[in-house]
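In: Structure of the sequence below:
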Amino acid sequence: MKIKMSQRATLLVLVCATLLYSLPALAQFTQQGPKLVSAPALSSSQGNSVAISADGNTAVIGGPSDNEYIGAVWIWTRSAGVWSQQSGKLIGSGAVCCANQGNSVAISADGNTVLVGGSGDDSNNGNPVGAAWVWTRTGGVWSQQGAKLVGSGAEGFA
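Out: Got it, this is the predicted structure:
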């Protein structure tokens, strides 16, 4: 049986429409308490980046605009369904100019290690190099692990 060109086009449109059609999500999500905002939150861009541990009880929230774009991160923990800020804001040492710490964040599965990206670090020369800071938690206390991490051999806007 031979299919005409117009029938092929119609068939193609029907196949594409079928593939693009999606059902609504079956999962139901509910907010777990109030929004998490650390004070003072003026011009910090808190929430620009967020990450949560595997058990869902430790969250890291980046604020790259904090303190004239040096940036910072805040750690929150949940116990018995209640979120509370675990420490003051974390600011990695060795930041140069507008580091934007907290522009990106990651947290380990157990919630005890945080990696903080600062895409604007060392932007005094007009071409930001960028850096990352590693933080670990021991006994509820967060400590920076070593100096900031900066890759070698970067060129331009790394």
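In: drop to CA atoms for contacts and neighbour counts, all remaining ones
Out: Will do.
In: how close does the most centrally placed residue in the chain get to N100?
Out: Central residue of the chain (Cα atoms, centre = their mean): S49, 2.9 Å from the mean position. Applying Cα to Cα, to the nearest Å, the value for S49 to N100 is 11 Å.
In: what residues are shared contacts of those two?
Out: Listed as contacting both S49 and N100 by Cα atoms under 8 Å, 6 or more residues apart in numbering are G63.
In: Tell me where the model's unsure across the protein.
Out: 1-6, 15-36, 38-42, 124-126, 154-158 (pLDDT under 70).
In: Tell me where it has strands.
Out: 49-52, 58-63, 72-79, 82-85, 101-107, 113-118, 131-138, 141-144 (DSSP state E).
In: Present these as CSV; the columns should include distance to Q7.
Out: As requested, the strands of the chain are arranged in CSV below (distance: least, Cα to Cα, whole Å):
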stretch, distance to Q7
strand 49-52, 49
strand 58-63, 54
strand 72-79, 58
strand 82-85, 59
strand 101-107, 50
strand 113-118, 54
strand 131-138, 57
strand 141-144, 66
